[in-house]
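Visitor: give me a model of this one.
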Amino acid sequence: MESDYDELDRRLVHALQIDGRAPFSTLAEVLGVSDRTIARRYARLRSAGAVRVLGGVDPAALGATLWFLRVRCAPAASLPVAEALARRPDTSWVSLTSGGTEITCVARTESEADSEALLLAKLPRTPRVEAVTAHCVLHAFYGDPDNLVGKLGSLDAEAIGRLRPPPMPHRPGPVRLDDGDRKLLALLAADGRAGFEQLAAATGWSATTVRRRMTELREHGLLHLDIDVDWRMFGVSARTLLWLSVAPAHLEEAGRTLAGHPEVAFAAATTGPANLYASVVCTNQRELYRYLTTRVAALPAITHLETAPVIRTVKQAANQT
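Guide: You can find the predicted model right below:
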């Protein structure tokens with residue numbers, strides 16, 4: 001519940017959204033408390049599962065494809081199938097929606113063969129799976145590395161400016177990962193604040209090499225920092241998935257507008273008859289109704305809207321390697 005957290009907790013989470021690897025000393029200075037207080041607060045929030053800094057990987061930088069899957073099951077089979085999907089290393093955001101008869105998730109495939117195996121062979125042949133639809137993500141308007149905390153947080157412009165790291169130069173060209181890279185990314189996916197010595201021990205590299213390689217991967221756009229958050233900390237809890245059909249000539253405008261809404265945690269253009277997807281978070285169902293009948297209703301050229309309230313989230317972020 002929101003009452004379990006205070007303003008310092010929320011300010012700390014906002015600071016971590018800006019720079020997930022900022023030293024406790026920097027966080028403490030900006031937030032006006034002691035290093036020990038920040039370390040204690042972060043440890044408490046992390047152990048409670050209220051916040052987790054993680055290293056995310058841009059699938060496009062590896063030539064991978066993201067899919068939104070909608071899996072319709074018999075009611076009794078939904079949770080076991082969702083849990084099986086959650087155990088896969090290539091899935092994230094596995095949720096039960098539509099009264100528990102549908103599973104939605106994000107799946108990453110590395111090749112056409114992977115896509116065929118998952119979408120044409122494995123899932124459709126799973127017992128008690130009644131239907132599978134897949135939407136390929138074409139373009140993200142808002143989401144990784146952007147995060148809804150940036151919209152909900154209370155830090156002022158001065159604090160944000162002091163915390164924001166300097167912009168990284170863009171390093172073009174393909175990225176090839178070796179075993180050391182994969183070990184590095186796996187550890188960062190579990191703990192984006194893992195120390196350089198810990199990362200060095202896991203990869204067999206020196207701490208200097210780890211630091212340099214992390215910088216290279218971020219400059220290539222492959223690695224970014226993100227956070228998982230208990231949204232109740234910010235007084236919101238009702239998560240709903242929106243599937244919108246938009247006239248193609250207005251898709252870009254609608255997507256950009258949607259991305260600016262304070263309720264939107266993720267928005268993307270996809271394949272399929274519903275060509276615009278969004279994950280929205282509201283305080284309650286009354287606020288969701290207000291949002292749908294005002295901001296969403298004002299979007300240009302919407303021809304169809306489907307809402308799918310999330311009744312249970314089985315898995316959030318994935319191990320991206």
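Visitor: tell me where the stretch 51-200 of the chain has strands.
Guide: 51-57, 65-73, 91-97, 102-109, 129-142 (DSSP state E, counting those that start in this stretch).
Visitor: buried ones in the third one?
Guide: Using 16 or more other C-beta atoms under 10 Å as the test for burial, strand 91-97 gives 91-97. C-beta coordinates here come from the backbone N, C-alpha and C atoms, glycine included.
Visitor: what's in contact with it?
Guide: Contacts with strand 91-97, where a contact means C-beta atoms under 8 Å, 6 or more residues apart in numbering, come from 78-79, 82, 85-86, 102-108, 239, 241, 279, 308-318.
Visitor: which of these fall within helices?
Guide: Taking DSSP state H as the definition of helices, the contacts of strand 91-97 contribute 78-79, 82, 85-86.
Visitor: show me where the stretch 201-321 of the chain has helices.
Guide: Using DSSP state H, counting those that start in this stretch, the helices of the stretch 201-321 of the chain run over residues 207-219, 251-259, 285-291.
Visitor: wait, which of the ones you listed is closest to V175?
Guide: Across these, the minimum distance to V175, taken as C-beta to C-beta, is reached by helix 207-219, at 7.0 Å.
Visitor: in this structure, what spans have low per-residue confidence?
Guide: 1-3, 111-127, 145-146, 318-321 (pLDDT under 70).
Visitor: T307 and T240, how far apart?
Guide: Using C-beta to C-beta, to the nearest Å, T307 is found at 6 Å from T240.
Visitor: intersection of neighbour lists for those two?
Guide: If you check T307 and T240 against C-beta under 8 Å, 6+ apart, the residues they both contact are L288.
Visitor: neighbour count for these two, which is higher?
Guide: Remark: of T307 and T240, T240 carries more neighbours, 19 against 16, as counted by other C-beta atoms under 10 Å.
Visitor: surely the more buried one touches I311?
Guide: No: using C-beta atoms under 8 Å, T240 is not in contact with I311; the gap is 10.4 Å.
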